[in-house]
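Q: What follows is a predicted structure for the sequence shown.
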Amino acid sequence: MSARDVAAASGKHDTIRAIYAAVDAPDWAAPNLDALIDVLRDLSWLPPGPVVLRFADPAVVPPEVRAALAIAEEDSAATDHPVTMHRIR
């Protein structure tokens, strides 16, 4: 399992950028919801295994980003890089 801490951010674009930093996203990744889903569906640059995005407080993640993360979780469930979101304890 690859636990990836996502830095605290405010707003949709900053949160997406923080997620990209946590997963070492490629330079082509645009800070929009469609690109975020595409990045999290792929993750081929990471070693195989689950990818856990850890947030200090998932409640402050903008709702539209949470919705995109839910899509990515569902779409990646049967891949080499299933993505999940958790709270840092």
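A: All right, it came through fine. Residues are numbered from 1 along each chain as shown.
Q: show me what contacts residue 38?
A: residue 29 (C-beta atoms under 8 Å, 6 or more residues apart in numbering). Every C-beta, even on glycine, is put in place using the N, C-alpha and C of the backbone.
Q: where's it, which helix or strand?
A: helix 33-42 (DSSP states H and E).
Q: CA-only coordinates of that helix in PDB, if you can.
A: The C-alpha trace of helix 33-42 is given here as PDB (Å, rounded to 0.1, in the frame of the first residue of the first chain):
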ATOM      1  CA  LEU A  33     -11.800  17.700 -12.300                       C
ATOM      2  CA  ASP A  34     -11.700  15.700 -15.500                       C
ATOM      3  CA  ALA A  35      -7.900  15.600 -15.500                       C
ATOM      4  CA  LEU A  36      -7.900  14.700 -11.800                       C
ATOM      5  CA  ILE A  37     -10.100  11.700 -12.500                       C
ATOM      6  CA  ASP A  38      -7.900  10.700 -15.500                       C
ATOM      7  CA  VAL A  39      -4.700  11.000 -13.400                       C
ATOM      8  CA  LEU A  40      -6.200   8.800 -10.600                       C
ATOM      9  CA  ARG A  41      -7.500   6.200 -13.000                       C
ATOM     10  CA  ASP A  42      -4.000   5.800 -14.400                       C
END
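Q: Just the buried positions in it, please.
A: Neighbour counts over helix 33-42 (16 or more other C-beta atoms under 10 Å) mark 33, 35, 36, 37, 38, 39, 40, 41, 42 as buried.
Q: Which pair of these spans the longest distance?
A: 33 and 42 (15.2 Å; C-beta to C-beta).
Q: what angle do the top helix by length along the chain and helix 33-42 make?
A: Ordering each helix of the chain by length in residues (DSSP state H) puts helix 63-76 first. Orientation of helix 63-76 against helix 33-42 (axes from the mean of the first three to the mean of the last three C-alpha atoms, to 10 degrees) gives an angle of 30 degrees.
Q: Send me helix 63-76 as CSV with only the CA atoms.
A: This file holds the C-alpha atoms of helix 63-76, laid out as CSV (Å, rounded to 0.1, in the frame of the first residue of the first chain):
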residue,chain,number,x,y,z
PRO,A,63,-17.5,18.8,-2.5
GLU,A,64,-16.8,18.7,-6.3
VAL,A,65,-13.3,17.3,-5.6
ARG,A,66,-14.8,14.7,-3.2
ALA,A,67,-17.2,13.7,-6.0
ALA,A,68,-14.3,13.3,-8.5
LEU,A,69,-12.4,11.3,-5.9
ALA,A,70,-15.4,9.0,-5.5
ILE,A,71,-15.5,8.4,-9.3
ALA,A,72,-11.8,7.7,-9.3
GLU,A,73,-12.2,5.3,-6.4
GLU,A,74,-14.9,3.4,-8.2
ASP,A,75,-13.1,3.4,-11.6
SER,A,76,-9.8,2.3,-10.1
